[in-house]
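[1] fold the following and give me the result.
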Amino acid sequence: MIHNYLGQTMSFEIVYKKRESLGITIDVYGNVEVQAPKGTTDERVLQLIEEKWDWIQQKSKEMKDRLLGQKVKIYDHGEMFLYLGKEYPIKVTQDINILQDYVVFEGDMLKIYVKQLEEAKIKQALKRFYYQECKQLVERSIRFYQKNFKTKPRSMRISDNNSNWGTCDSRQQLTFNWKLAMAPQQVIDYVVVHEMCHMVHLNHDRSFWRLVGKILPDYEERENWLALSSWKMTV
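    Okay, here's the model as predicted:
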């Protein structure tokens, strides 16, 4: 079925099943399916589609973008980079008088100041920004959730290890990936709590997940954000 709303067009499929309520699913290709109880009118389906219009459009686009994969970043005005779960444009300014290249987040933009207008310098400045932000965000999260644990981390560091979002070793030393600064705060909190729970349970047994769920009942939703969005967390 095709439906026009707010000047936009959306195509979707209706599947009638033995169920009590309407539901919407979006597959990995961005295709939209409405699952409806038998006997549901088209009018009720369209009402749901319109109620969820913005959400459907956003999720469908995310799935299609994910399928296309990472695009090559351009380190120039207007290129979009993630910060705390949202994409912001960059603005690059050359300033030969600064001692070190740096990045400042100002409301709706990432402002980058570099001595030399070189792609490598801009990229390095961005990466340093994310490192610094990640350290502050993780430290803040650790302080907040420490009340749930009897033991404290022995140390914490930010790493360039792309194989893990975080680790906790047998000495209770925590390590976190600098790219976490691109994720929403609630996702950062999930990774922090996950690793802090490893101070109590080193493996992923039932007791471990029970502790994670006790502290963050919606941890699966936060984990799902990483599963769906990690591909675009790049510099």
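[2] any buried residues in the longest helix belonging to the chain, and which?
    Secondary structure of the chain read by DSSP state H shows that its longest helix is helix 119-145. Buried residues in helix 119-145, counted by 16 or more other CB atoms under 10 Å: 121-122, 125-126, 129-130, 133-135, 137-138, 141-142, 145. Every residue, glycine included, has its C-beta placed from N, CA and C.
[3] can you give me how far the very next helix or strand once past that helix is from the chain middle?
    Proceeding N to C from helix 119-145, the next assigned helix or strand is strand 155-159, under DSSP states H and E. Centroid separation for strand 155-159 versus its chain: 20 Å, with CA atoms, centre = their mean, to the nearest Å.
[4] quick one: strands adjacent to the next helix or strand after strand 155-159?
    From strand 155-159 onward toward the C-terminus, using DSSP H and E, the following helix or strand is strand 166-168. The pairing partners recorded for strand 166-168 under DSSP bridges are strand 173-177 (antiparallel).
[5] picking that back up, tell me the one of the buried residues of helix 119-145 nearest D76?
    Nearest to D76 out of the buried residues of helix 119-145 is I122 (CB to CB; 8.3 Å).
[6] now the closest one: closest residue in space, sequence neighbours ignored.
    Y75 (4.1 Å; CB to CB, 6 or more residues apart in numbering).
[7] state whether that neighbour is indeed within a strand.
    No - applying DSSP: H, G, I helix; E, B strand; the rest coil, one finds Y75 to be coil, outside a strand.
[8] would you mark the buried spots in the helix or strand of the chain with the lowest mean pLDDT?
    The helix or strand of the chain with the poorest confidence is helix 53-68; it has a mean of 81 (mean pLDDT, DSSP states H and E). Neighbour-count burial for helix 53-68, counted by 16+ other CB under 10 Å, picks out I56, Q57, K59, S60, M63, R66.
[9] contact partners for the fourth one?
    Meaning S60. When contacts are counted by CB atoms under 8 Å, 6 or more residues apart in numbering, S60 touches I26, G30, N31, V32.
[10] the last one touches F12, doesn't it?
    Read it as V32. Yes - contact criterion CB atoms under 8 Å: V32 and F12 qualify, at 3.9 Å.
[11] the more surrounded of these two?
    V32 (21 against 18; other CB atoms under 10 Å).
[12] partners of the more buried one in the sheet?
    Here V32 sits in beta bridges with I26, going by DSSP bridges.
[13] what about Q35, which SS state?
    Per three-state DSSP, the secondary structure class of Q35 is strand.
[14] that one - how many residues pack around it?
    Neighbour count of Q35, defined by other CB under 10 Å: 16.
[15] likewise the one 4 residues further on?
    Look at G39: counted by other CB under 10 Å, it has 7 neighbours.
[16] would you list the phi and psi of it?
    Backbone torsions of G39, given as degrees, to the nearest 10, read phi 100, psi 0.
[17] can you start the count at 309 instead of 1 from here on
    Right, with 309 as the first residue, what we last looked at is G347.
[18] so H385 touches P397, yeah?
    Yes - judged on CB under 8 Å, H385 makes contact with P397 at a distance of 7.4 Å.
[19] can you give me the buried ones in stretch 531-543?
    By neighbour count with 16+ other CB under 10 Å, stretch 531-543 contains the buried residues E531, L534, S537, S538, K540, M541, V543.
[20] check stretch 498-514 too.
    Here stretch 498-514 shows Y498, V499, V500, V501, H502, E503, M504, C505, H506, M507 as buried, counting by 16+ other CB under 10 Å.
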